[in-house]
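A.B. asks: using only what follows, build the 3D model:
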Amino acid sequence: ATGLGEETIHELKPVLHAAIKTLEDRYKYKRAMTGSPTGILAFDEMTGGLHAGDLVVLAARPSMGKTSLGFQWLLNGASPPMRPADSAYQDVPLCPGLVFSLEMSKESLAERALSSEGRIDSQRLRGGFLETRDWITITKAAGMLSRAPVWIDDRSLTLAQIRAKARRWRQRADKLIQESGGTPVILIDYLQLVQ
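C.D. replies: Just a heads-up that it's a prediction; the model follows:
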């Protein structure tokens, strides 16, 4: 419970029942990855991926690639073809994602994803210095990325707006989340810009 008008005191018995159900599911599926995979095998092996209720803060100096890394984590969870070819990532459910990008436009995020997935130098992409083979690669990357259940909001400014939009997104994506069994992920880039 959140403590915002909801009950926050819970009897142990139903909490234990839920924990046993979770353990039964893990036993049934025998997955090393129990959350949304980041695609970084060492991190995922230690944590089992990103889990519901977790707050993960990615911090570094400016221009170190935090946005790219966070967005890549989200895409790896949302798109099985983008995950590394490792047995730890087999049979991991689709993990839908929502990005609140307060610093970068949705188009810039899409360009970064195309650059990363297509393995095309971002400076060449930004400058338009592309060759015919790059267009083939970009088209393949766009096809793969377009199947990922990811939504982007590049206009939210306040915490209240982010919260309301996240709840509406969860309602829209709930059927997909239930069907896939995956852990939904919300990325906020970046926290200091939230009012």
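A.B. asks: make it CA atoms for all contacts and neighbour counts henceforth
C.D. replies: Will do.
A.B. asks: identify the residues contacting stretch 136-146?
C.D. replies: If you take C-alpha atoms under 8 Å, 6 or more residues apart in numbering as the criterion, stretch 136-146 is touched by 79, 81, 82, 113, 114, 115, 117, 118.
A.B. asks: what average pLDDT does that stretch get?
C.D. replies: Across stretch 136-146, the average pLDDT comes to 89.
A.B. asks: how far does that stretch sit from its chain's centre?
C.D. replies: Relative to the chain's own centre, stretch 136-146 is displaced by 19 Å; criterion: C-alpha atoms, centre = their mean, to the nearest Å.
A.B. asks: residue boundaries of the strands in this structure?
C.D. replies: Along the chain, counting by DSSP state E, strands occupy 97-101, 150-153, 185-189.
A.B. asks: quick one: closest of those to residue 54.
C.D. replies: strand 185-189 (9.6 Å; C-alpha to C-alpha).
A.B. asks: mind giving me the packing neighbours of that closest one?
C.D. replies: Here strand 185-189 touches helix 66-78, strand 97-101, going by 3 or more C-alpha pairs under 8 Å, 6 or more residues apart in numbering; DSSP states H and E.
A.B. asks: can you tell me the strand partners of it and which way each runs?
C.D. replies: strand 97-101 (parallel) (DSSP bridges).
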